[in-house]
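what would the 3D arrangement of this be:
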Amino acid sequence: MAKGKVKLDKDLLEKVKKYAELSGYSSMEEFITHCLEKEIAKLEDSDSEEEIKKKLKGLGYIS
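This is a model prediction of the structure:
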């Protein structure tokens with residue numbers, strides 16, 4: 001598996017750490033991977049590219 005680095009806001013990183021521990025994940029990386037896989041699966045199940053863009057805009061990832 002390829003590895004990379006992602007910068008996260010300090011407050012968000014603290015939340016990730018907290019919820020990863022509370023949810024029983026073995027690491028923050030495992031928790032983040034699971035969350036991203038779930039979101040990507042939702043996007044892949046979408047009907048169109050327009051719907052994907054709309055969802056990403058709603059989440060604040062694109063403008």
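
per-residue confidence for the residue most central in space within the chain?
Closest to where the C-alpha atoms of the chain average out (Cα atoms, centre = their mean) is residue 36, at 3.6 Å. Predicted confidence (pLDDT) for residue 36: 93.

okay, and it sits in which element?
helix 28-44 (DSSP states H and E).

which stretches of this protein have low pLDDT?
Along the chain, segments meeting pLDDT under 70 span 1, 46-47.

same thing but 90
The model of the chain has pLDDT under 90 over residues 1-6, 39-56, 59-63.

how close does residue 35 get to residue 48?
24 Å (Cβ to Cβ, to the nearest Å). Just so you know, the C-beta spots here come from the backbone N, C-alpha and C atoms, and that holds for glycine as well.

try residue 8
30 Å.

who has more neighbours out of those two?
Between residue 8 and residue 48, counting by other Cβ atoms under 10 Å, residue 8 is the more crowded of the two (12 against 8).

against residue 53, how distant is residue 16?
26 Å.

look at the two and report which has more neighbours.
residue 16 (17 against 13).

test my guess that the more buried one contacts residue 32.
Yes: applying Cβ atoms under 8 Å, one finds residue 16 in contact with residue 32, separated by 6.3 Å.

assign residue 62 to helix, strand or coil.
coil (DSSP: H, G, I helix; E, B strand; the rest coil).

and for it, the neighbour number?
11.

before we move on, what about residue 20?
19.

with adjacent residues omitted, what lies nearest to residue 63?
residue 57 (6.8 Å; Cβ to Cβ, 6 or more residues apart in numbering).

in what helix or strand does that neighbour lie?
Judged by DSSP H and E, residue 57 forms part of helix 49-59.
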